[in-house]
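Chemist: let's see this in three dimensions:
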Amino acid sequence: MTLLKEEMEDEDRDKWIVWFDGASNVLGHRVRAILVTPDDQCIPFTTSLGFDCTNNMAGYEACALGNQAEIDFKVKVLKVYGDSALVIHKLRREWETRDHKLIPYQAYIKKLTKFFDDVSFHHIPREENQMVDALASLASMFQLTPHEDLSYIEFRCRGKPAHCYLIEEEQDGKPWYFDIKQYIEDKEYPWEASNNDKRTL
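Modeler: Sure thing, here's the model as predicted:
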């Protein structure tokens, strides 16, 4: 993570996005956030909470997790997306906060927003928050001891198979399908073929 932050120091930081989600249920209390960089890299974070909390508290914890990560990256302009209508509308000051458990969260996230030149909060449907939901499943699959973190997890989408550039690179200079073609035409196995190679062919 530190290396990525160093690489991003000279890049435009005006297009960062954070997606967040939190859940409190029988599986435990989990929060997760995804940072999207200016060049569309996704950086996932997931945290298990070791204390009892409500769903709304978990939502605030998730939002704080994403904002704290963005502060570490020295982001100045940020768009925050979450599927919790309560959290988003209260952060936008469209709804009043009366729950004494949530008031400190409201104040804390307001304090975090001072690190940004501009931050906006946007509500999205749950079906558009699939990546952070997947991180919730990941967080519920294992137990961590207090103060223990797993190494940074990187998610990528590959458009081509990893081996695609190796297909034509045969040591004898012949194409990968040479032995198959020879067997079809002449019914002959390569002279160095083992019994297993012959069965495969």
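Chemist: for this protein, just list every one of the strands.
Modeler: According to DSSP state E, the chain carries its strands in the segments 16-25, 28-36, 42-49, 77-82, 118-123.
Chemist: out of those, nearest to G59?
Modeler: Nearest to G59 among the strands of the chain is strand 16-25 (4.4 Å), distances taken as C-beta to C-beta. Yep, even glycine has a C-beta here, placed from its N, CA and C like the rest.
Chemist: given that closest one, what are its sheet partners and their directions?
Modeler: Using DSSP bridges, strand 16-25 pairs in its sheet with strand 28-36 (antiparallel), strand 77-82 (parallel).
Chemist: now that strand: buried residues?
Modeler: Within strand 16-25, the residues scored as buried using 16 or more other C-beta atoms under 10 Å are W16, I17, V18, W19, F20, D21, G22, A23, S24.
Chemist: same question for stretch 77-90.
Modeler: Neighbour-count burial for stretch 77-90, counted by 16+ other C-beta under 10 Å, picks out L78, V80, Y81, G82, D83, S84, L86, V87, I88, K90.
Chemist: same thing with stretch 55-74?
Modeler: For stretch 55-74, the neighbour count (16+ other C-beta under 10 Å) marks 56-67, 69-70, 73 as buried.
Chemist: then stretch 108-127?
Modeler: Burial within stretch 108-127, assessed by neighbour count using 16+ other C-beta under 10 Å, is assigned to I109, L112, T113, F115, F116, V119, F121, H123.
Chemist: now the two most distant members of the residues you listed.
Modeler: Within those, two members stand farthest from each other by C-beta to C-beta: F115 and H123, at 22.4 Å.
Chemist: how much space between S24 and S84?
Modeler: From S24 across to S84, the span is 12 Å (C-beta to C-beta, to the nearest Å).
Chemist: overlap in contacts, the two.
Modeler: Residues touching both S24 and S84 (C-beta atoms under 8 Å, 6 or more residues apart in numbering) are N55.
Chemist: mind giving me the packing neighbours of the helix ranked longest in the chain?
Modeler: Longest helix in the chain by number of residues (criterion: DSSP state H): helix 55-72. Using 3 or more C-beta pairs under 8 Å, 6 or more residues apart in numbering; DSSP states H and E, the elements in contact with helix 55-72 are strand 16-25, strand 28-36, strand 42-49, strand 77-82, helix 85-91, helix 103-113.
Chemist: only alpha carbons, please: show that helix as CSV.
Modeler: The C-alpha coordinates for helix 55-72 follow below in CSV (Å, rounded to 0.1, in the frame of the first residue of the first chain):
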residue,chain,number,x,y,z
ASN,A,55,-26.3,-1.6,11.4
ASN,A,56,-26.3,2.2,11.3
MET,A,57,-23.2,2.4,13.5
ALA,A,58,-21.5,-0.1,11.1
GLY,A,59,-22.5,2.1,8.2
TYR,A,60,-20.8,5.1,9.8
GLU,A,61,-17.7,3.0,10.7
ALA,A,62,-17.5,1.9,7.0
CYS,A,63,-17.7,5.5,5.8
ALA,A,64,-15.0,6.6,8.3
LEU,A,65,-12.8,3.7,7.1
GLY,A,66,-13.0,4.9,3.5
ASN,A,67,-12.4,8.6,4.4
GLN,A,68,-9.4,7.7,6.6
ALA,A,69,-7.9,5.8,3.7
GLU,A,70,-8.4,8.7,1.3
ILE,A,71,-6.7,11.0,3.8
ASP,A,72,-3.7,8.7,3.9
